[in-house]
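Enquirer: return a 3D structure for these sequence lines:
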Amino acid sequence: MASFAKIENNIVVGVLKIDNADCNNLAFPESEIVGQSYLSSLGIEGSFLQTSFSKEFRGNFAGVGDVYNQELDVFHKPQIFPSWQLDETYTWKAPVEMPLTTVEGGMWDWNENELKWEQIIF
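Expert: Here you go, the predicted model:
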């Protein structure tokens, strides 16, 4: 199966799957233009980019609500906090590593104002 993300204003609004045969069994990137043409022939309108479940291309598999980053040609989740940065796997990371240990019944929460992790105990 080949997967195509529908993009509006650089946001993924849907993901369609089509048979590899509908992409002439080609590999990416050649498969993309064929798949786009196939979707258009079905009357499905919009801007579609191919996405990879195995993350072979475009960083991450596209999901509804994800961002298409044109500059990097990758899909990633929306930025969580202004201080967080994309890492080499196109995942948002805090500027400070989350502590490894927690008090039983607790969890860590990011405090953007103080740029630190705080433990919440239930």
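Enquirer: distance check, Lys17 against Val96.
Expert: 39 Å (C-beta to C-beta, to the nearest Å). Quick note: C-beta positions are derived from backbone N, CA and C, even for glycine.
Enquirer: ignore the last one, Ile121
Expert: On the measure of C-beta to C-beta, Ile121 and Val96 end up 20 Å apart.
Enquirer: just Leu72 next, same as before
Expert: Taking C-beta to C-beta, one finds Leu72 at 24 Å from Val96.
Enquirer: how about Gln50?
Expert: For Gln50, the distance to Val96 - C-beta to C-beta - is 36 Å.
Enquirer: count the residues that sit near the closest residue to Gly35 other than its chain neighbours.
Expert: Take Gly35 and drop its neighbours on the chain: the residue closest to it by C-beta to C-beta, 6 or more residues apart in numbering is Cys23, 4.5 Å away. Number of residues near Cys23 (other C-beta atoms under 10 Å) recorded here: 23.
Enquirer: quick revisit: of Gln50 and Val96, which one has the most company?
Expert: Neighbour totals were compared for Gln50 and Val96, and Gln50 leads with 21 against 11 (other C-beta under 10 Å).
Enquirer: so the nearest residue to that one once chain neighbours are set aside: helix, strand or coil?
Expert: Spatial nearest neighbour of Gln50, excluding adjacent residues (C-beta to C-beta, 6+ apart): Glu32 at 4.3 Å. Of the three states, Glu32 takes helix according to DSSP: H, G, I helix; E, B strand; the rest coil.
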